[in-house]
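Colleague: please find the sequence and the predicted model below.
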Amino acid sequence: MCGIAGIVGLAPLAVSRSQVAEMLRQMRHRGPDGEGILERGGEGGRPSIVLGHRRLSIIDLSAAAAQPMSSADGLRHIILNGEIYNYLELRAELASMGHVFRTRSDTEVLLEAWGAWGAGALDRVVGMYAFAVLDESKQTLVLARDQFAIKPLYYTVVRGQLAFASEIPPLLSLPGVGRAVDPGPLADFLSRGVNNHAGHTMFADVREMPGAHFAEVSLDAPTQLRPVQYWQPPTTLVHDLPLAAAVDRFRELLEQSVRLHLRSDVPLGLLVSGGQDSSALLALARRTLGAEAELHTFSYRGQGGAVDEGQWIQAAREAAHAIGHDVRLTPEEWAADLQALVASQGEPFGSPVIYAQRRLFQQAAATGIRVVLEGQGADEYLAGYDKFRAGRLASLLRQGRYLECLSVAAGYASGGAGWWGPGTAAIALRWPGLGTMRRKGPEQYPLLDDAWVSASGAATSPPWRPVGRDVLREMLGNALRAPSIPWLMRYSDRNAMAFSIENRLPFLTPRLVEFTLGLPEEFLIAKDGLGKNLLRTAMRGLVPDVIRERRDRIGFDVPLESWLPRTPGLADLLEASLAIPAVRRERAAPLLQAVRNGQALPRPRAFEAWRLVTLAAWSREFGVTFD
């Protein structure tokens, strides 16, 4: 886990080592254990390139594993942000082919794998990564990002040069990179709180390499960067297995993933919420490491009542004999840390609950932990959200299985309060084409100013629609691409790296996702509408039943409705948002008045207010222009 940066340019433009050094300085939190810079080219009119790396030492702590790292022949060079979890297996395979290794690092394994298989290495590695490989023999630079966008990679083309980095702010420090907002992403954010923009960012001059993409750039034409997709989740039935066999195979794959994610040369811990996902990881970590291993867990405790998962957190800890650390929040702490949170995220964010996650990583760092496993990603493809029940009904309707659809719907209703409602039925009917949805225009997005939308030409992203007969499967696959997983990965990466913590996500490996999405849909959602059926069944006997049988889902939550009026400084930020041309003043002004009067806002309106707060705080932090 590290920070990477680089600049490629053509003569007579000079690529500045000092500019890369400055980008690395701004990312010291990503790699406090070392820094390296590599310079190549520039003589006789040749293209010049500078690669930079900030190191967070996790695997092979020796100086031999420092980056940038070069191949034995000196022709290939790599900078890597992330971890290759199956590096030992790949190392053995490459050694059998004659490759000789000089370090114990996963970085060298990736460098040799790229030399052996090229882009084919991306299908072999299990890991989270954003990396750059310079091949002097081919005069090319390759940029690549992992399948689930866990590790970040941004780039900009300016003054005939290509520059890239692990975060947005270092790119903004380069001469010629503007700070104007991109109208499309801004419209997406204000209208729906969407933070993922298909390769764009909130800055017009900065792009993002999408997950599961790579690009090979000729050093003679560095501004011609065209990302190519190398992986996507399956959208059709692949595995014709009975449920019992599917459960066994899923458990085996998850155990393998946890085992790989526990490889570390530094202390590690887990974020534990008391829900299905983190409790499963904790149980499997204990099973893998043995009874004597010291396991630290870090848990957010809500403000009592329905948002405090303390009883389930305690049950998970006791079952795994883990050492627990709890974090509680106050609006005063939130206000004091708000600007630091905004600065580390680099873009506005739709919910303040990510502050809870930030504090957990902070606590882990204070405890001496350098690696943290967390359960994010499971909800998206194991059907953990309530909305996925509608997708299951829509599949049955599109497939003409009407009687079965009625039976499943009756099972949802019997599952108890909250498992069935008009919304589920309406969505299920709309997706098969039995109903219609009027297209939303700017006037239906209350925070967006209509005049600004017309003048800027901003267009919100079109709503997602399934195209096949397996609606639920398409829903789950789409959640992995946009919008859920990409923005969750961004939040998690920035929150962890702010405290030099490596965050790992064992649920997000291609093999595990491919297997799960290739199963019959009925394996994922039980007949009574209970999601994560596969995981619940697989964890029988490992995770306490009081957790396995939970029907509620809480996750991180803060009482935003009551916190907004009690949080110092938020009224000033709301007032500042009124000056942003994209904001509809007549919608925003009442929110400001309510906060100034100390009135608790209804939850939907509270989230509208938060979008304005974080937008104003972000624009202030980075000097954003909106003209």
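Modeller: Structure's in. What do you need? Residues are numbered from 1 along each chain as shown.
Colleague: which residues of the stretch 301-450 of the chain score low on pLDDT?
Modeller: Residue ranges of the stretch 301-450 of the chain with pLDDT under 70: 304-307, 415-444.
Colleague: the helices in it, which residues?
Modeller: Listed in chain order, the helices of the stretch 301-450 of the chain (DSSP state H, counting those that start in this stretch) span 310-320, 331-345, 354-366, 378-381, 388-398, 402-414, 422-430, 450-456.
Colleague: so where's the protein uncertain?
Modeller: For the chain, the ranges with pLDDT under 70 are 1, 11-14, 304-307, 415-444, 555.
Colleague: beta partners of the closest residue to Glu39 other than its chain neighbours?
Modeller: With sequence-adjacent residues excluded and distances taken as C-beta to C-beta, 6 or more residues apart in numbering, Glu39 is closest to Val50, at 5.2 Å. To be clear about C-beta, it is placed using only N, CA and C from the backbone, and glycine gets the same treatment. Judged by DSSP bridges, the bridge partners of Val50 are Ile7, Glu39.
Colleague: tally of neighbours for Val50?
Modeller: By other C-beta atoms under 10 Å, the residues close to Val50 number 25.
Colleague: quick one: contacts for Ala149?
Modeller: 210-212, 485-486, 489-490 (C-beta atoms under 8 Å, 6 or more residues apart in numbering).
Colleague: among the residues you listed, name the buried ones.
Modeller: By neighbour count, with 16 or more other C-beta atoms under 10 Å, those hold 210-212, 485-486, 489-490 as buried.
Colleague: and the furthest pair within those?
Modeller: Pairwise distances across the buried ones among the contacts of Ala149 (C-beta to C-beta) peak at 15.4 Å, for the pair Ala212 and Arg490.
Colleague: just so I have it, where are all the strands in the stretch 1-150 of the chain?
Modeller: 2-9, 34-41, 48-55, 69-70, 76-84, 127-135, 140-145 (DSSP state E, counting those that start in this stretch).
Colleague: same check, this time on the stretch 451-600 of the chain
Modeller: Counting by DSSP E, counting those that start in this stretch, the strands of the stretch 451-600 of the chain are 502-504.
Colleague: my guess is Tyr491 contacts Gly350. True?
Modeller: No. Judged on C-beta atoms under 8 Å, Tyr491 makes no contact with Gly350 at a distance of 9.8 Å.
Colleague: list the contacts for Ala116?
Modeller: Per C-beta under 8 Å, 6+ apart, neighbours of Ala116: 94, 97, 99.
Colleague: let's go with 6 Å and repeat that
Modeller: For Ala116, the contact set (C-beta atoms under 6 Å, 6 or more residues apart in numbering) is empty.
Colleague: next: the one 10 residues further on.
Modeller: By C-beta under 6 Å, 6+ apart, the residues touching Val126 are 85-86, 509.
Colleague: and it, how close does it get to Lys151?
Modeller: Here Val126 is placed at a distance of 14 Å from Lys151 (C-beta to C-beta, to the nearest Å).
Colleague: how does this structure divide into domains?
Modeller: Domain segmentation of the chain under automatic domain parsing yields 2-229, 243-382+482-548, 560-622.
Colleague: dump these to JSON lines, plus distance to Leu406.
Modeller: Shown next, in JSON lines, are these (distance: least, C-beta to C-beta, whole Å):
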{"stretch": "domain 2-229", "distance to Leu406": "33"}
{"stretch": "domain 243-382+482-548", "distance to Leu406": "12"}
{"stretch": "domain 560-622", "distance to Leu406": "32"}
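Colleague: picking up where we left off before, any quick PyMOL command for the buried ones out of the contacts of Val126?
Modeller: Buried residues within those, by 16+ other C-beta under 10 Å, are selected in PyMOL with:
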select buried, resi 85+86+509
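Colleague: so for this protein, the centremost residue is which one?
Modeller: Met489 (1.1 Å; C-alpha atoms, centre = their mean).
Colleague: Glu294: which element?
Modeller: Element membership for Glu294 (DSSP states H and E) is empty, with no helix or strand holding it.
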